[in-house]
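J.: Okay, predicted coordinates and the sequence, questions at the end:
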Amino acid sequence: MKRWLFVIGFAALVVYAVLGFDGGRSASFSLSPPDLTLEQLRASIAGKLAERQTDIGFEYGGNREELSERIGSLLKEAFAEDDYTAYNVESYLYTIRTWGSSAKIKLSVTYRESALETAAVDERIRQTLPAILKGAATDRQKTRAIHDWIVTHVAYDTSLERYTAYDALMSGSAVCQGYTLLAHRMMSYAGLESKIVEGTVASGSHVWNLVRIDGEWYHMDATWDDPVPDRPGIAGENYFLKTDAEMKRDHQWKSL
């Protein structure tokens, strides 16, 4: 059974806010329309995160007090909009500086997987997925094909240094975060609806997948179905498409 120690990118977020005099300093900011709403700002930030932009800036002309109160939750919502992006974030830092009637928001983000690496992941998936799914007609069969391929092509990273889908595909080794991100991305390309679950097991933090089959959500933990030490060609099924009740025997998580 797998070791589960890892660091969740989305949980390791650094936040810092400054409200005050801008000092006239200039920076590269997106000039926002005067009537930009906070929800539109959130959507714009989410789009730039998906593009793996590292330095994101906005000038906001709306209610500055409301902005300062909501910026923390707004950013969390932007990160949470896409699980694949959220769990590739290592840390972020934001500042808010007010000047006159507007506020400048600067967000600096560090990613575990770069835009080029994500593009390489997507290209490899496009190349390999047709063969992986050959003969798989139903969503259950597609999910099983993806699960078994990952388990038989990825080995658990006992050095605890590889966290991404890129690591899993290109080096053939990753911790549970890499297994889960790769499964999430492959299922997305296969037309399957999936989510990433963050929780705990007896040894600490852990992540795995949820996938929707015939209108119902099931848990899938490819990491725990891959033995350590690695046994090439062997794919377990003890954690494949399990109900909440079945998964709660040794996995805990917050309400989804």
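T.: Right, received. Where do you want to start?

J.: what does whichever strand or helix holds His206 rub up against?
T.: In this structure, His206 is located in strand 204-213 according to DSSP states H and E. For strand 204-213, contacts defined as CB atoms under 8 Å, 6 or more residues apart in numbering pick out 4-8, 11, 87, 139-140, 143, 176-177, 180, 183-184, 187, 192-200, 217-224, 239, 241, 251, 256. Where C-beta positions appear, they are placed from N, C-alpha and C, glycine not excepted.

J.: Give me the next element, helix or strand, following it.
T.: With DSSP H and E, the next secondary element past strand 204-213 is strand 216-220.

J.: where exactly do the strands run in the protein?
T.: 30-31, 55-60, 89-99, 102-111, 155-156, 173-174, 194-201, 204-213, 216-220, 240-242, 252-253 (DSSP state E).

J.: Give me the buried subset of the contacts of strand 204-213.
T.: In the contacts of strand 204-213, burial by neighbour count holds for 4, 6, 8, 87, 139-140, 143, 176-177, 180, 183-184, 187, 192, 194, 196-199, 217-224, 239, 241, 251, counting by 16 or more other CB atoms under 10 Å.

J.: just to revisit the earlier point, what's the offset of the strand holding His206 from the middle of its chain?
T.: Relative to its parent chain, strand 204-213 has a centroid offset of 12 Å by CA atoms, centre = their mean, to the nearest Å.

J.: List the buried residues of it.
T.: Neighbour-count burial for strand 204-213 flags Ser205, His206, Val207, Trp208, Asn209, Leu210, Val211, Ile213 (criterion: 16+ other CB under 10 Å).

J.: Leaving out the residues flanking it, which one is nearest to the fifth one?
T.: Counting by CB to CB, 6 or more residues apart in numbering, Met220 is the residue found nearest to Asn209 once chain neighbours are left out, at 4.5 Å.

J.: Look at that neighbour and report its pLDDT.
T.: Note on Met220: pLDDT of 98.

J.: I'd say it and Arg140 touch.
T.: No - using CB atoms under 8 Å, Met220 makes no contact with Arg140, being 11.0 Å away.

J.: Give the residues shared as contacts by the two.
T.: With CB under 8 Å, 6+ apart, Met220 and Arg140 have common neighbours Leu241.

J.: The spatially closest residue to Trp224 that is not a sequence neighbour and Glu198, how far apart?
T.: Take Trp224 and drop its neighbours on the chain: the residue closest to it by CB to CB, 6+ apart is Tyr239, 4.6 Å away. Separation of Tyr239 from Glu198 (CB to CB, to the nearest Å) stands at 16 Å.

J.: Around Gln252, how many other residues sit close by?
T.: When neighbours are counted by other CB atoms under 10 Å, Gln252 registers 11.

J.: mind saving the C-alpha coords of stretch 198-217 as PDB?
T.: Presented in PDB, the C-alpha positions along stretch 198-217 are these (Å, rounded to 0.1, in the frame of the first residue of the first chain):
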ATOM      1  CA  GLU A 198      -8.700  16.500  -0.400                       C
ATOM      2  CA  GLY A 199      -8.800  14.600   2.900                       C
ATOM      3  CA  THR A 200      -6.800  12.600   5.300                       C
ATOM      4  CA  VAL A 201      -5.800   9.000   6.000                       C
ATOM      5  CA  ALA A 202      -4.200   7.400   9.000                       C
ATOM      6  CA  SER A 203      -0.700   8.700   7.900                       C
ATOM      7  CA  GLY A 204      -1.700  12.300   7.000                       C
ATOM      8  CA  SER A 205      -2.900  14.400   4.100                       C
ATOM      9  CA  HIS A 206      -4.100  12.700   0.900                       C
ATOM     10  CA  VAL A 207      -5.900  13.400  -2.400                       C
ATOM     11  CA  TRP A 208      -7.900  11.200  -4.700                       C
ATOM     12  CA  ASN A 209     -10.600  11.400  -7.400                       C
ATOM     13  CA  LEU A 210     -14.300  11.500  -7.600                       C
ATOM     14  CA  VAL A 211     -15.900  10.500 -10.900                       C
ATOM     15  CA  ARG A 212     -19.600  10.600 -12.000                       C
ATOM     16  CA  ILE A 213     -20.900   7.400 -13.400                       C
ATOM     17  CA  ASP A 214     -24.600   7.100 -14.400                       C
ATOM     18  CA  GLY A 215     -25.500  10.100 -12.400                       C
ATOM     19  CA  GLU A 216     -23.800   9.000  -9.200                       C
ATOM     20  CA  TRP A 217     -20.500  10.100  -7.700                       C
END
